[in-house]
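**Q** my questions concern the predicted model and sequence given below.
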Amino acid sequence: MTSATPFSTTADVAAESFAGQLRLSTAAEWDASVHHRFVDQLFAGTVSDQVLARYLVQDYQFFDAFIAMLGACVATTDSKPARLRFAAQLGMLAADEDGYFRQTFTELGVPDSEVTSPESATPTTDFVTQMWEVAQSRDYADLLVVLVIAEWLYLDWGERDLPLPEAPKHRGWIELHRGDEFRAWTQFLIDELNRVAPPLESDDGARLSERWKRVVGIERAFFDAAYSSVPLGPLAGG
Ligand SMILES: Cc1ncc(CN)c(N)n1
């Protein structure tokens, strides 16, 4: 049982829990991502194809390292039910999310070379570095810190109370990050983090808190980068 949540989403998280305290400590940066212009334009269906393609090309690089993190969770969690939950999510990502990427790359005319080996924007490199670091650390709490941010922050914007756009390229990305299934997955991650986290005041707690702050900052920079001029083959220039 948790006390009333001060958070905007339907995730059930006590403010005094490990995840709750970290979330509150980064509220300004977090909310800047949730209300980022990329999200506003995605819901409105007005994000330009150049910006969407630039974002998705970078996010496909993110996706690869994200899958590696889930694989590391399968290998390192101390809980058998959790291991199965991670395995099930890997299956969903390989089908639904990868399918969205591939279909949208085709629709946007993104060249294969941009899908497989694009030039990385700085926030992508930073994020991928963090993800491979925790994947190789085999430290379950450290893995969960990065996963909780990546999913909870996306749930927060995905569940914004706005009408959904019509076009599948816009609507599809939102639908992957809202609804009962994504909410339950995110809740599972938050609960796992709160279950295994060390005391926030300990040395390990401080190390995880540092990681949390760094990664929340990268999330915002990742959205910003969609509006900067990373080259994107024939679509560049928007
Ligand atoms: C950068 C980023 N952060 C989070 C998510 C949600 N998995 C994502 N797709 N991309």
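**A** The structure has been received and is ready for your questions.
**Q** so which residues on this protein come close to the ligand?
**A** Residues of the chain lying near the ligand by Cβ under 6 Å from any ligand atom: 59, 62, 66, 127, 150, 151, 154, 219, 222. From N, CA and C alone the C-beta is placed, and that goes for glycine too.
**Q** residues near the nearest residue to residue 44 once chain neighbours are set aside, how many?
**A** In space, and not counting its chain neighbours, residue 44 is closest to residue 165: 6.8 Å by Cβ to Cβ, 6 or more residues apart in numbering. For residue 165, the tally of surrounding residues (other Cβ atoms under 10 Å) stands at 19.
**Q** and residue 165, helix, strand or coil?
**A** The three-state label given to residue 165 by DSSP: H, G, I helix; E, B strand; the rest coil is coil.
**Q** list the residues that contact residue 228.
**A** residue 121 (Cβ atoms under 8 Å, 6 or more residues apart in numbering).
**Q** that one: what secondary structure?
**A** Once three-state DSSP is applied, residue 228 turns out coil.
**Q** distance of it from residue 209?
**A** Separation of residue 228 from residue 209 (Cβ to Cβ, to the nearest Å): 29 Å.
**Q** what's the closest non-adjacent residue to the residue nearest the centre of the chain?
**A** For the chain, residue 150 is the residue whose C-alpha lies nearest the centre (Cα atoms, centre = their mean; 2.7 Å). Of all residues not flanking residue 150 in the chain, residue 66 sits nearest, at 6.8 Å (Cβ to Cβ, 6+ apart).
**Q** quick one: buried residues of the strand or helix carrying the one you found?
**A** In the assignment (DSSP states H and E), residue 66 maps to helix 49-76. Neighbour-count burial for helix 49-76 flags 50-62, 65-70, 72-74, 76 (criterion: 16 or more other Cβ atoms under 10 Å).
**Q** that older thread, who does the host helix or strand of the residue nearest to the centre of the chain touch, helix- and strand-wise?
**A** Here residue 150 is covered by helix 140-158, with elements defined by DSSP H and E. Counting contacts by 3 or more Cβ pairs under 8 Å, 6 or more residues apart in numbering; DSSP states H and E, helix 140-158 is packed against helix 18-25, helix 27-34, helix 49-76, helix 122-137, helix 180-196, helix 203-225.
**Q** now residue 196. Nearest residue, chain neighbours left out?
**A** residue 141 (5.0 Å).
**Q** make sure the one you found is actually in contact with residue 197.
**A** Yes: if you go by Cβ atoms under 8 Å, residue 141 and residue 197 touch, sitting 5.5 Å apart.
**Q** who touches both of the two?
**A** With Cβ under 8 Å, 6+ apart as the test, residue 141 and residue 197 both reach residue 208.
**Q** so who does residue 21 touch?
**A** If a contact means Cβ under 8 Å, 6+ apart, then residue 21 has 15, 200 as its contacts.
**Q** any idea how far it lies from residue 153?
**A** Taking Cβ to Cβ, one finds residue 21 at 16 Å from residue 153.
**Q** measure residue 70 to residue 63 for me?
**A** Taking Cβ to Cβ, one finds residue 70 at 11 Å from residue 63.
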